[in-house]
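this is a predicted model, with the sequence first.
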Amino acid sequence: MNKRQVIVVGGGAAGFFAAIACAETDPSCAVTIYEATAHPLAKVKVSGGGRCNVTHACFEPRELVKRYPRGSRELMGAFSRFQPRDTVEWFESRGVTLKTESDGRMFPVTDSSQTIVDCLQSAAEKAGVRVVLQVGVKQVERGVPAALSAASNPNASGGRVPPFRLTLTSGESVTCDRLLLATGGNKTNAGFEFARQLGHMIEPPVPSLFTFHIKDPRLQELSGVSVECATTAVHGTALKESGPLLITHWGLSGPAVLKLSAWGARALHDCDYRFTLLVNWAPHLSVAALIADLERARAANPKKQLGTWCPLGLPLRLWEKLLLAAGLPATTQWTTVSGAALRTLAAQVSAGEFTVTGKSTFKEEFVTCGGVRLSEVDFKTMESRLVPGLHFAGEVLDIDGVTGGFNFQAAWTGGWLAGQAMAKA
């Protein structure tokens with residue numbers, strides 16, 4: 001009996017998960033992954049600071065889709081078929097236990113991404129998936145002459161014309177019955193061009209998760225200082241996010257910035273990453289309550305110096321910078337601070353303006369928005385609505401999530417659905 005040929009282009013999270021799902025569902029399929037580099041699962045390896053944020057402990061699809069700036073509507077049905085609970089069970093059934101941290105992020109109990117890499121590679125090998133490294137795809141064509149298909153692929157059935165012919169970077173030509181593009185979201189990847197050549201529209205890819213470049217005296221020499229909960233907003237827009245905020249040597253990072261960068265990916269790209277960022281370092285207080293707290297601090301500690309204690313619970317080094325920005329040296333006694341000065345200080349705390357002059361990729365976790373237009377994909381099977389037998393998974397699609405394991409979950413879900421569909425076709 002001739003085996004049905006399934007080719008996966010891209011050896012990342014989505015590609016491996018799809019290949020494993022396909023091979024396990026129908027062992028008669030011959031499943032091959034082509035990875036252009038020598039390092040499969042590279043993003044899995046570096047994600048989460050080397051710990052791999054596998055998924056997020058959000059098990060209600062309606063809540064889960066709220067973490068996706070692009071793709072939420074399409075993922076609703078997909079997550080009803082394979083969601084974080086299924087991801088946890090998938091890994092646990094293969095000997096990998098996940099743990100949930102206080103913010104909902106889920107990691108392997110080993111705190112090592114190598115555990116996830118080893119699990120995926122082992123599962124692929126056990127399922128009979130063939131992994132070919134350092135061989136990419138140069139060209140994808142639809143429909144090839146039967147004689148050529150038989151010569152280039154001895155497993156192809158006699159007079160049948162396989163839907164796809166691939167020219168590899170090795171010079172070899174191969175054919176397949178089902179093709180999955182899982183090449184990631186980098187705008188230089190070939191997957192976008194293959195999809196375009198096959199008739200798909202590509203939403204222009206732009207960075208999604210990134211940190212902000214800011215040069216400001218209020219942040220100087222504070223690298224590593226963090227605030228547990230702050231609010232960030234882009235001046236002149238409706239973009240606003242809350243969460244932990246981290247000061248870095250180049251500006252600001254942390255979830256409050258990363259979530260803002262995800263939801264504002266296109267708008268911030270269009271303004272060349274130059275805009276005014278508004279920061280509220282104490283969002284739990286209204287401006288009136290903030291001023292009242294400062295007035296109570298003044299009344300209770302008239303002889304104390306401002307810089308010796310922060311009544312708002314902010315890190316003392318940051319507090320000193322905000323004092324200076326309000327024109328109040330740290331050695332100033334509370335009793336000498338006027339009401340107007342307190343209001344100026346409150347403005348620095350609740351509505352500080354910072355000039356953003358650029359961006360940086362968040363660690364090595366490069367994420368983009370943009371990719372294959374979602375209306376052209378059937379999210380029950382991840383199959384193209386335009387080209388029968390062509391499937392997509394991962395960041396090659398115009399899907400991206402905020403930080404916290406959501407991008408990996410979209411990869412696992414899309415990969416699993418595509419693998420199941422390719423096996424049952």
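Sure thing, it's come through. As the structure is a computational prediction, the values presented were derived from the model and not from experiment.

the closest residue to Trp263 other than its chain neighbours: neighbouring residues, count only.
In space, and not counting its chain neighbours, Trp263 is closest to Pro69: 4.9 Å by C-beta to C-beta, 6 or more residues apart in numbering. C-beta coordinates here come from the backbone N, C-alpha and C atoms, glycine included. Using other C-beta atoms under 10 Å, the number of residues around Pro69 comes to 19.

Gly370 is in contact with Pro69, correct?
No. Contact between Pro69 and Gly370 fails when scored by C-beta atoms under 8 Å: they sit 11.4 Å apart.

all the strands of the stretch 1-150 of the chain, residue numbers only.
5-9, 30-35, 55-56, 98-100, 105-108, 130-133, 137-142 (DSSP state E, counting those that start in this stretch).

show me how far the fifth one is from its chain's centre.
Which is strand 105-108. From the chain centre to the centre of strand 105-108 is a distance of 15 Å (C-alpha atoms, centre = their mean, to the nearest Å).

what strands line up against that strand, and which way round?
Strands that pair with strand 105-108, judged by DSSP bridges, come out as strand 55-56 (antiparallel), strand 98-100 (antiparallel).

hmm, who's touching that strand?
The contact list for strand 105-108 (C-beta atoms under 8 Å, 6 or more residues apart in numbering) reads 48, 51-57, 84, 88, 91, 96-101, 115-116, 404-405.

mind checking pLDDT for Gly48?
For Gly48, the model assigns a pLDDT of 89.

quote the end-to-end distance of stretch 77-88.
19 Å (C-alpha to C-alpha, to the nearest Å).

nope, stretch 95-113 is what I was after
Taking C-alpha to C-alpha, the first and last residues of stretch 95-113 lie 14 Å apart.

now that stretch: buried residues?
Neighbour counts over stretch 95-113 (16 or more other C-beta atoms under 10 Å) mark Val96, Leu98, Arg105, Met106, Phe107, Pro108, Ser112, Ser113 as buried.

would TSV of those residues with pLDDT and distance to Thr231 be doable?
What follows is those, written out as TSV (pLDDT from 0 to 100; distance: C-beta to C-beta, whole Å):
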residue	pLDDT	distance to Thr231
Val96	98	36
Leu98	98	31
Arg105	97	21
Met106	98	26
Phe107	98	27
Pro108	98	32
Ser112	98	34
Ser113	98	31
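
go through these and say which is closest to Ala124.
Nearest to Ala124 among the buried residues of stretch 95-113 is Val96, at 14.3 Å by C-beta to C-beta.

which residues does the closest one contact?
By C-beta under 8 Å, 6+ apart, the residues touching Val96 are Pro108, Thr115, Ile116, Cys119.

just curious, which of those is nearest to Gln333?
Pro108 (52.9 Å).

neighbours of the nearest residue to that closest one once chain neighbours are set aside, how many?
Counting by C-beta to C-beta, 6+ apart, Thr115 is the residue found nearest to Pro108 once chain neighbours are left out, at 4.3 Å. Under the neighbour criterion other C-beta under 10 Å, Thr115 is assigned a count of 21.

local confidence estimate at Thr115?
The per-residue pLDDT reported for Thr115 equals 98.

can you check Pro162 too?
So, for Pro162, pLDDT stands at 81.

let me see the contact set for the residue lying closest to Arg130 once chain neighbours are set aside.
Nearest in space to Arg130, with sequence neighbours left out and distances taken as C-beta to C-beta, 6+ apart, is Thr32 at 4.5 Å. By C-beta under 8 Å, 6+ apart, Thr32 lies in contact with Gln5, Val6, Ile7, Val8, Val129, Arg130, Val131, Val132, Val174, Cys176.

help me confirm that the fifth one comes into contact with Tyr34.
No. Look at Val129 against Tyr34 with C-beta under 8 Å: they stay out of range, at 11.5 Å.

from Lys99, how far off is the residue nearest to Trp263?
27 Å (C-beta to C-beta, to the nearest Å).

over to Ser338?
Per C-beta to C-beta, Ser338 is found 52 Å from Lys99.

just the helices in the stretch 151-300 of the chain please.
Along the stretch 151-300 of the chain, counting by DSSP state H, counting those that start in this stretch, helices occupy 190-197, 255-263, 265-270, 287-300.

tell me the most buried of these?
Among the helices of the stretch 151-300 of the chain, helix 255-263 has the highest mean neighbour count (mean count of other C-beta atoms under 10 Å), at a mean of 25.

need the contact partners of it.
Residues outside helix 255-263 that contact it (C-beta under 8 Å, 6+ apart): 69, 207-212, 229-234, 239-246, 268, 359, 362, 367, 369, 400-404.

now the nearest residue to Trp309 once chain neighbours are set aside, what are its backbone angles?
Closest residue in space to Trp309, ignoring its immediate chain neighbours: Asn301 at 7.3 Å, by C-beta to C-beta, 6+ apart. Note on Asn301: backbone dihedrals following degrees, to the nearest 10 are phi -130, psi 60.

can you check Pro302 too?
phi -60, psi -30.

contacts only, for it.
Counting by C-beta under 8 Å, 6+ apart, Pro302 touches Gln333, Trp334, Thr335.

one more pass at 10 Å, please.
Shown in contact with Pro302 (C-beta atoms under 10 Å, 6 or more residues apart in numbering): Gln333, Trp334, Thr335, Thr336, Val337.

Cys369 too?
Counting by C-beta under 10 Å, 6+ apart, Cys369 touches 68-71, 185, 203-209, 262-263, 265-266, 269, 395, 398-401.

what's the answer for Glu24, then?
Contacts of Glu24 by C-beta under 10 Å, 6+ apart are Val31, Ala123, Ala124, Lys126, Ala127, Gly128, Val129, Gly419, Gln420, Ala423.

so which of the residues you listed belong to helices?
Among the contacts of Glu24, the residues falling in helices (DSSP state H) are Ala123, Ala124, Lys126, Ala127, Gly419, Gln420, Ala423.
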